[in-house]
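Enquirer: fold the following and give me the result.
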Amino acid sequence: MPSNKVLFVTSNRIGDCVISSGILREIARQVPGAQITVACGRPPAPFFRSAPGIERVIVLDKKKAAGHWLDLWLQVVGTHWALVIDIRGSALAYLLNADRRIVYNRRWETGLPKVEMISRLMGAPTPLEPELFIDDRARAEAAAVIDPALSPAPGPIMALAPIAHQPGKSWPADRWGELVQMLKAEPRFAGWRFMPVGGPGDRPPATPALQAAGPLAIDFVGQGDILASAAAIDRAALFVGNDSGLMHVAAAAGRPTLGLFGPTEWWLYGPRGPRTSIAASNPVRGEFAPIEALTTQRVFEAVIALHDVWIGSADAAKP
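Expert: Residues are numbered from 1 along each chain as shown. Have a look, this model is predicted:
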């Protein structure tokens with residue numbers, strides 16, 4: 001009998017998993033009734049737990065001498081796969097019993113945004129836009145932090161992601177504090193709450209923003225996994241963050257999203273969707289400048305512009 005089993009080998013990075021999440025919808029189109037096994041890194045693994053069609057999530061913890069690939073092969077070699085998709089470009093797909101294989105390689109890098117490149121790789125008729133799969137558990141975890149914080153002083157939330165896990169992608173921590181101070185003094189944001197979001201190791205870069213926000217802060221740093229963070233961001237009215245997985249989460253959630261970019265390729269990795277914008281230290285495509293060249297004033301002006309387009313004009317903010 002024909003198989004409906006699909007193996008999807010995806011990234012160990014949250015951002016790349018969000019960017020390629022539309023593949024799951026395309027799998028369902030190409031393999032009706034697909035039972036999907038996802039193999040990914042540990043940080044993004046919770047992202048898939050409630051995604052449609054997912055039968056199993058295999059966590060790939062990197063090992064010496066590529067031992068993690070041997071571990072994965074041992075777990076999947078006994079299955080007849082209708083389709084194997086490997087966007088990490090390994091040799092695994094060619095070592096399995098599969099009716100069809102889609103394997104990424106560098107020839108697909110033609111200067112298109114990553115979402116469009118992935119869509120072409122899959123042979124999809126339309127772009128495979130990212131999507132989130134937030135479950136009730138994640139929403140409850142977010143509510144357990146946000147609702148008590150909002151109870152004494154309700155107001156719109158601005159989510160902040162002052163972290164990125166690659167050198168050169170993190171806007172200096174002190175500038176996040178400066179930005180919050182400027183926003184608190186701006187009439188448009190009277191009554192707003194400021195919510196840094198991140199993992200347990202992101203406390204140092206988030207501290208200046210939390211201190212600047214004072215009693216207006218909602219601390220969602222280290223409060224849950226990526227799906228809980230997604231649920232928290234989904235409660236926000238606006239998001240500002242470094243080029244990171246959380247930036248892509250905010251864009252996929254449809255929040256007005258401002259991504260901060262340094263010497264990385266915003267034209268390839270910028271937040272996806274109509275309610276997004278960027279502030280880049282290198283605003284001309286192909287040029288590069290350190291993220292430290294991005295001033296607080298420029299980011300402040302970009303936040304104002306995003307607010308006025310998607311939330312309300314300066315006149316609407318006046319009493």
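
Enquirer: can you pull out the low-pLDDT segments for this protein?
Expert: 1, 313-319 (pLDDT under 70).

Enquirer: kindly recompute the last result at 50.
Expert: Of all residues in the chain, those with pLDDT under 50 make up the ranges 314-319.

Enquirer: that one: strands as residue ranges?
Expert: Counting by DSSP state E, the chain has strands at residues 5-9, 35-40, 54-59, 83-86, 101-103, 157-161, 193-198, 220-221, 238-242, 257-261, 276-280.

Enquirer: buried residues, the third one. List them.
Expert: Neighbour-count burial for strand 54-59 flags 54, 57, 59 (criterion: 16 or more other CB atoms under 10 Å). Where you see a C-beta, it was placed from the backbone N, CA and C, and this is true even at glycine.

Enquirer: does the first one touch C40 like I think?
Expert: In this case it means I54. No - if you go by CB atoms under 8 Å, I54 and C40 don't touch, sitting 11.0 Å apart.

Enquirer: ok, back up a step: Serialize the strands of the chain to a markdown table and add fields for distance to V303.
Expert: Shown next, in a markdown table, are the strands of the chain (distance: least, CB to CB, whole Å):
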| stretch | distance to V303 |
| --- | --- |
| strand 5-9 | 36 |
| strand 35-40 | 32 |
| strand 54-59 | 36 |
| strand 83-86 | 38 |
| strand 101-103 | 39 |
| strand 157-161 | 8 |
| strand 193-198 | 11 |
| strand 220-221 | 19 |
| strand 238-242 | 6 |
| strand 257-261 | 6 |
| strand 276-280 | 8 |
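
Enquirer: just to revisit the earlier point, what's the overlap in contacts for I54 and C40?
Expert: Common contact partners of I54 and C40 (CB atoms under 8 Å, 6 or more residues apart in numbering): F48.

Enquirer: mind putting the buried residues of strand 54-59 into JSON lines with distance to L238?
Expert: What follows is these, written out as JSON lines (distance: CB to CB, whole Å):
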{"residue": "I54", "distance to L238": "31"}
{"residue": "V57", "distance to L238": "31"}
{"residue": "V59", "distance to L238": "33"}
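
Enquirer: which of the residues you listed sits closest to F133?
Expert: Among these, I54 lies closest to F133 (CB to CB), at 8.5 Å.
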